[in-house]
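Asker: Need a 3D model of the following:
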Amino acid sequence: MLNFIYYPVSFILWCWHWVFGHIFGESSGFAWALAVVFLVFTLRALLFKPFVGQVRSMRKMQEFAPELQKIKKKYANDRQRQAQEMQKLQAEHGVNPLGGCLPMLVQIPVFIGLFHVLRSFKPGWGEVYFFDAKGVESFVNAKLFGANLSTFITMPADQLQQFATSRNAVLFVAIPLMIVASIATHFTARHSVGRQTQAAADNPQTAIMNKLTLYIFPLGVLVGGFFFPIAILLYWLSNNAWTLGQQYVVYHRIDREEEAKKVAATTQRQALAPKPGQKPAPKTAQKKRPAATGQPSAEDAKPAATEDTGASANGKPSTEVPGLSPDRSPGKKQGNKKRR
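Answerer: Modelled structure (predicted):
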């Protein structure tokens, strides 16, 4: 039914076992353990770009988280309108919520596929997906510090005998892996939660998820270690180790990009701002000139009288006395005076 998952997973495992088998030997427990670890690294390397998109999407969602809360309060009684407005807001900011879930969704079927493939490696079995009978026998005979990679702590005693493994050997290998994997899960979640903004952390739903990832998930790894094969514990440990290192690299790269953008914006503002002590350029009032119509303006049409000669505009000497109007010359009586 899920062969489209089992065959690719078994193929990647086969490739890495072929590589490390030439170094440590085909039936070496270290060769099989490293094959499982590099199976995880191969998957996570393929999902690196979607992970970067997930981080950027989360950053943008944290920026407009207050706006989302306003929409939830405004349309608390209208779920359909609320969903429409939230989708509209996310589209405006270029955020796709489903894109951030892609890395996690892809890892789930891979985990199921690896778990199924490893549980299929049993003594006396023939071919298992991409492995032939010789490859299955190589895995069954491989030991990591005396424990087979398919065994787990709560495995029945008769099955442990089939793998020629004692429970003490399984405890010796599985318990340290359980503890380290649980601690790695906690620190991975802690590093992710530490990057959240205060507004996002104050959200009740986000606070609940933070508690789950910080404490419940690591506890689940610790408890599940009693039922998971050693190879699955290796998978879980290497997956969290990769995630922790990847978060450190990606977050710091995005921080440097944002810091460079801030520096560029500050430099641009400083370049446009006036220098210290420099007065702003005065605004000169320019007279509006009439459109060029071929007609002289009113100011140009005024006669240019000289100050010294008092000549009129037509070139003849003026008979007017300064200060008196033409009608009120000195030799004439004013006609508007009342007679006594």
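
Asker: Could you use CA atoms for every contact and neighbour count after this?
Answerer: Will do.

Asker: quick one: the residue sitting nearest the centre point of the chain and residue 92, what's the gap?
Answerer: Residue closest to the mean C-alpha point of the chain, counted by Cα atoms, centre = their mean, is residue 56 at 1.0 Å. Noted for residue 56: a distance of 15 Å to residue 92, by Cα to Cα, to the nearest Å.

Asker: what does residue 182 give?
Answerer: Distance, residue 182 to residue 92, by Cα to Cα: 39 Å.

Asker: Who has more neighbours out of these two?
Answerer: residue 182 (25 against 9; other Cα atoms under 10 Å).

Asker: in the stretch 1-150 of the chain, which spans are helices?
Answerer: Per DSSP state H, counting those that start in this stretch, the stretch 1-150 of the chain carries helices over the ranges 3-24, 29-46, 48-63, 65-74, 79-92, 102-120, 133-141.

Asker: And the contacts of the last one?
Answerer: Applying Cα atoms under 8 Å, 6 or more residues apart in numbering, the contact partners of helix 133-141 are 26-27, 29, 32, 121-128, 148-150, 163.

Asker: mind listing the helices for the stretch 151-300 of the chain?
Answerer: Assigned by DSSP H, counting those that start in this stretch, the helices in the stretch 151-300 of the chain fall at 157-162, 167-193, 198-201, 204-211, 217-224, 230-272, 298-301.

Asker: Looking at the ones you listed, spot the one closest to residue 142.
Answerer: Residue 142 lies closest to helix 230-272 among the helices of the stretch 151-300 of the chain, at 11.7 Å (Cα to Cα).

Asker: pLDDT weak spots in the stretch 101-250 of the chain?
Answerer: The stretch 101-250 of the chain contains residues with pLDDT under 70 at 101-104, 195-207.

Asker: Distance of residue 58 relative to residue 72?
Answerer: 19 Å.

Asker: Ignore what I typed, I meant residue 39.
Answerer: Noted for residue 39: a distance of 42 Å to residue 72, by Cα to Cα.

Asker: more neighbours, the two?
Answerer: Ranked by neighbour count (other Cα under 10 Å), residue 39 and residue 72 place residue 39 first, with 26 against 18.

Asker: just checking, the more buried one touches residue 14?
Answerer: No: proximity of residue 39 to residue 14 does not meet the contact threshold set by Cα atoms under 8 Å, at 9.4 Å.

Asker: Measure how buried residue 118 is and give me the count.
Answerer: When neighbours are counted by other Cα under 10 Å, residue 118 registers 20.

Asker: likewise the one 3 residues further on?
Answerer: Using other Cα under 10 Å, the number of residues around residue 121 comes to 22.

Asker: Perfect, that will be all.
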